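S.K.: Quick one: sequence plus predicted model below, questions after.
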Amino acid sequence: MNQIITPARKATNITLSADVLTEAKALGINISKSCDDFLRDLVARERASRWRTDHAEFIDAYNKIVAEEGLPLEQWRNF
């Protein structure tokens, strides 16, 4: 049986623009979920960006090898 694991949640205080908060509440938007979803996406994009920056030298070197020698195992590729 598959069990869904919910990440631990932690209460925090944030400051939001009063006008947008009022309108979001009037529209029935779940503020906590919206902030959590946005922050989760922002963290993922920042991690990916930093990974690319941290590994840029390797990526450049690998791309150079592929440009000069072709893809590894390409002779066995069937597509």
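M.R.: Cool, got the structure. Numbering: from 1, shown residues only.

S.K.: And the pLDDT at residue 4?
M.R.: pLDDT, residue 4: 84.

S.K.: Residue 65 now?
M.R.: On the pLDDT scale, residue 65 gets 95.

S.K.: which SSE is it in?
M.R.: Element membership of residue 65, judged by DSSP states H and E, is helix 56-69.

S.K.: residues making contact with that helix?
M.R.: residue 52 (C-beta atoms under 8 Å, 6 or more residues apart in numbering). The C-beta positions use only the backbone N, C-alpha and C, and glycine is treated the same way.

S.K.: Now with 10 Å, please.
M.R.: With contact meaning C-beta atoms under 10 Å, 6 or more residues apart in numbering, helix 56-69 is reached by 51-52, 55, 71-72, 74.

S.K.: Export these as JSON lines, with columns for pLDDT and secondary structure.
M.R.: As requested, the contacts of helix 56-69 are arranged in JSON lines below (pLDDT from 0 to 100; DSSP: H, G, I helix; E, B strand; the rest coil):
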{"residue": "51", "pLDDT": "98", "secondary structure": "helix"}
{"residue": "52", "pLDDT": "97", "secondary structure": "helix"}
{"residue": "55", "pLDDT": "98", "secondary structure": "coil"}
{"residue": "71", "pLDDT": "87", "secondary structure": "coil"}
{"residue": "72", "pLDDT": "84", "secondary structure": "coil"}
{"residue": "74", "pLDDT": "82", "secondary structure": "helix"}
